[in-house]
Structures are given as structure tokens and as C-alpha cells.
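Colleague: Mind looking at a prediction? Sequence and model below.
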Amino acid sequence: MIIIDGKKISSDMKQELKHSVETCRQKYNAVPGLAVIIVGEDPASQVYVRNKAKSCKETGMNSEVIELAAETSQEELLSKIEVLNADPDVHGILVQQPLPRHIDEYAVTMAISPLKDVDGFHPENVGQMVLGNLDKCFISCTPYGILELLSRYNIETKGKHCVVIGRSNIVGKPMANLMLQKLKETNCTVTVCHSATQNMPELTRQADILIAAIGRANLITKEMVKPGAVIIDVGMNRIEDASRKSGYRLVGDVDYEHVSKTASAITPVPGGVGPMTIAMLLKNTLQSFMQAQGAAQSL
Ligand code: GUN
């Protein structure tokens, strides 16, 4: 059984990115810059945003965290995005989700320039991704990170049955689309399960590769998994744990203790998919920077 070490791969990638950023500095006298906006004080989001900024600095990129009060109006947020869209030193813009209820996530997604949409949420990027034009888009960071893990662990995917559980715009939908495509690390037969799926265990037991992204602690039990399957756990669920100082601990969507005994490979939580999301965000920011240089040179 292989434990897929996302923490290690993410750290390797950050080292690689650090070299690339240094090359940017020498060649262009500039480095990639990422702006992260957080609205309100959701504690989990605050941790994610802090980690994104910290990782940015580790690779030598510039990072700007913009903290806005929970009462910030949609108009104010959109005008802040406009300023960042026009700022040549900002190559990536990310607005942390979830947003307060009075703000329309779709309007925010549409406001970010597709050229700086390092989250890959804008319809332009989603559309190019679905069409298979992966060199013309930003790929959503969590699915992109999972592709990177499958690739770096040489996990055979061609012709395999991949079952994705969850249909969110951030993970499930792009993940299923990518697994379907004719790429080295994909080319699967794909099934997507969700909250209205009947007989889910019957489907999950057919999976050679099972990707769980539903946000329900320990939903995937050993009985739902085919022996020898590859298990990718995207879940980040906080459950109460009085023995911890914080009062909680993080668990995935998969019952790791039991499923790991039957799987051929599995991502742990924490330390699996989570750190990869950040690494791919930085990779997308570098890609955006390089594209901006290309555009400037051709002027
Ligand atoms: N909230 C949870 N994951 C993400 C992500 O990948 N991007 C953004 N913008 N918000 C998130």
C-alpha cells in the first residue's frame, strides 16, 4: 500500500518553482505576484489564505492579502477586483470562497480577468478546459493537484474506471472532465456520484480510482471500496476532538483507518491533496506571469 505524500510532492514543486521564480527575476527583473482577497472571518478560510501567502513568499513570489470586513458590499469588492485586474504587478487574483451570503459568487467570478483567474473558475477557463485546450486555460487547483499526484506516482489511469463523488464547480465537475480527457494521467471511463445518487456503494465498488469530494467525514467505508483501488480523498472536515488544543481535528471523506487496509494507494488527510492545491495555485500564478511577459514582448 502506497501512501501518496502530497506534502512531499508539494514541497518538491515549491523548490522547482523557487528556481523558476529566480529565473524570472534575472530574465525579466520582475517576479510573479498573487493577490488573495478574503471577505469576513471564517476561521478555516483564514488558515487557507495564510498558508497561500506563506507558500508564495517561500518561492520568492510577491503576495498581497487583502482582508475585507464581512459587511463589505459587493460593489466595493468588485471595484477592488477592477484595480487588481489593471495592476501589471498582479498576475493572479483569488477571492477565497465561501463568500458572505449578500455577495454573489458568480458576479465575483465574472469580474476577475480570465487572464489572472489562477483559480480557473471563470467560464472562459472552464470552457477551454472542457474542450481539452489545457494550454489555453488555468485549471482549477485541486483537480490539477490530483492530476499531478497521479502523474508523479506513475499511477496507471488509461482505460480505468474513475468514480468521482461530488459535483461542485471547484472540484467534482472539473475533476470528472479532466479524468475523461485523453491525457497521459487521465483517459478514464468516468462516473460521477452525488447526493441524489442511488446505490452509491454499488458504483464506488467498481472504481479503480475513487475520488471523494463531498465534504462528509468518513462517508467512504471499506465496504464501498474495491480491493486494490487508488483512493484520492479531497475532504477537509473538522470534527470535534477534546484531546486537541484546538478542540477539533481534520478528517477526510474516507474512513482512512479501514480503507487504507484494502487500497493499493491512498492520500492521507491532512498531507494529501490539501498541500497540492497551494502548489498548483503557485504554478498557475507563474504561468500567468509568463503569459504576461509573452504579451509584453510581442507588443
Ligand atoms: N475555498 C476552498 N477552496 C478554494 C479554492 O480553491 N479557491 C477559492 N477561491 N476558494 C476556495
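Modeller: Sure, I can see it. Being a predicted model, the structure only gives us computed values, none of them experimental. Residues are numbered from 1 along each chain as shown.

Colleague: does the residue of the stretch 51-200 of the chain found nearest the ligand count as helix, strand or coil?
Modeller: Per Cβ to the nearest ligand atom, residue 97 is where the stretch 51-200 of the chain lies closest to the ligand, at 3.7 Å. Using the backbone N, CA and C atoms, a C-beta is placed for each residue, glycine as well. Look at residue 97: counting by DSSP: H, G, I helix; E, B strand; the rest coil, its state is coil.

Colleague: How many residues are close by it?
Modeller: By other Cβ atoms under 10 Å, the residues close to residue 97 number 17.

Colleague: And it, how far from residue 8?
Modeller: From residue 97 across to residue 8, the span is 27 Å (Cβ to Cβ, to the nearest Å).

Colleague: now do residue 133
Modeller: Counting by Cβ to Cβ - residue 133 and residue 8 are separated by 31 Å.

Colleague: Near the ligand, which residues of the protein are found?
Modeller: 94-97, 119, 141-142, 170, 277 (Cβ under 6 Å from any ligand atom).

Colleague: 5 Å instead, please
Modeller: Contact residues, the chain versus the ligand (Cβ under 5 Å from any ligand atom): 94, 96-97, 119.

Colleague: Between those, which sits nearest residue 230?
Modeller: When those are compared for distance to residue 230 (Cβ to Cβ), residue 119 comes out closest, at 25.9 Å.

Colleague: That closest one is in contact with residue 140, isn't it?
Modeller: Yes: between residue 119 and residue 140 there is a contact under Cβ atoms under 8 Å: 6.6 Å.

Colleague: returning to what we had before: nearest residue to the residue of the stretch 51-200 of the chain closest to the ligand other than its sequence neighbours?
Modeller: residue 105 (6.4 Å; Cβ to Cβ, 6 or more residues apart in numbering).

Colleague: does the one you found really touch residue 112, like I thought?
Modeller: No: using Cβ under 8 Å, residue 105 is not in contact with residue 112, being 11.3 Å away.

Colleague: So for the two, which sits in the more crowded spot?
Modeller: Applying other Cβ under 10 Å to residue 105 and residue 112 shows that residue 112 carries more neighbours, namely 24 against 13.

Colleague: Quick one, grab the pLDDT at that one.
Modeller: Confidence at residue 112, expressed as pLDDT, is 98.

Colleague: residues in contact with it?
Modeller: Applying Cβ atoms under 8 Å, 6 or more residues apart in numbering to residue 112 gives the contacts 81, 85, 93, 95, 119, 121-122.

Colleague: now do residue 78
Modeller: Counting by Cβ under 8 Å, 6+ apart, the residues that residue 78 touches are 107-108, 111.

Colleague: Of those residues, just the buried ones, ChimeraX syntax please.
Modeller: Applying 16 or more other Cβ atoms under 10 Å to these leaves a buried subset, and the ChimeraX line that selects it is:
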select :108,111
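
Colleague: Take the contacts of residue 78 and write them to JSON lines, including secondary structure.
Modeller: Below are the contacts of residue 78 laid out as JSON lines (three-state DSSP):
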{"residue": "107", "secondary structure": "helix"}
{"residue": "108", "secondary structure": "helix"}
{"residue": "111", "secondary structure": "helix"}
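
Colleague: Read off the pLDDT value for the residue of the stretch 51-200 of the chain closest to the ligand.
Modeller: pLDDT, read off for residue 97, is 96.

Colleague: residues in contact with it?
Modeller: Residue 97 touches 45, 105, 170, counting by Cβ under 8 Å, 6+ apart.

Colleague: Mind checking which of those land in helices?
Modeller: Those of these mapping onto helices are 45, 105, per DSSP state H.

Colleague: Give me the buried positions along the helix or strand harbouring residue 84.
Modeller: Using DSSP states H and E, residue 84 maps to helix 74-86. Buried residues in helix 74-86, defined by neighbour count with 16+ other Cβ under 10 Å: 74, 77-78, 80-81, 84.

Colleague: gap between that helix and the chain center?
Modeller: Helix 74-86 has its C-alpha centroid displaced from the chain centroid by 23 Å (Cα atoms, centre = their mean, to the nearest Å).

Colleague: Average pLDDT for it, rounded please.
Modeller: For helix 74-86, mean pLDDT rounds to 98.

Colleague: Pull it out as CSV, backbone CA atoms only.
Modeller: The C-alpha coordinates for helix 74-86 follow below in CSV (Å, rounded to 0.1, in the frame of the first residue of the first chain):
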residue,chain,number,x,y,z
GLN,A,74,-20.4,43.5,-3.5
GLU,A,75,-19.8,46.8,-5.3
GLU,A,76,-16.7,47.5,-3.1
LEU,A,77,-15.4,44.0,-3.7
LEU,A,78,-15.9,44.3,-7.5
SER,A,79,-14.1,47.6,-7.6
LYS,A,80,-11.2,46.2,-5.7
ILE,A,81,-11.0,43.4,-8.3
GLU,A,82,-11.1,46.0,-11.1
VAL,A,83,-8.0,47.7,-9.5
LEU,A,84,-6.2,44.3,-9.4
ASN,A,85,-7.2,43.5,-12.9
ALA,A,86,-5.4,46.7,-14.1
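
Colleague: All set now, cheers.
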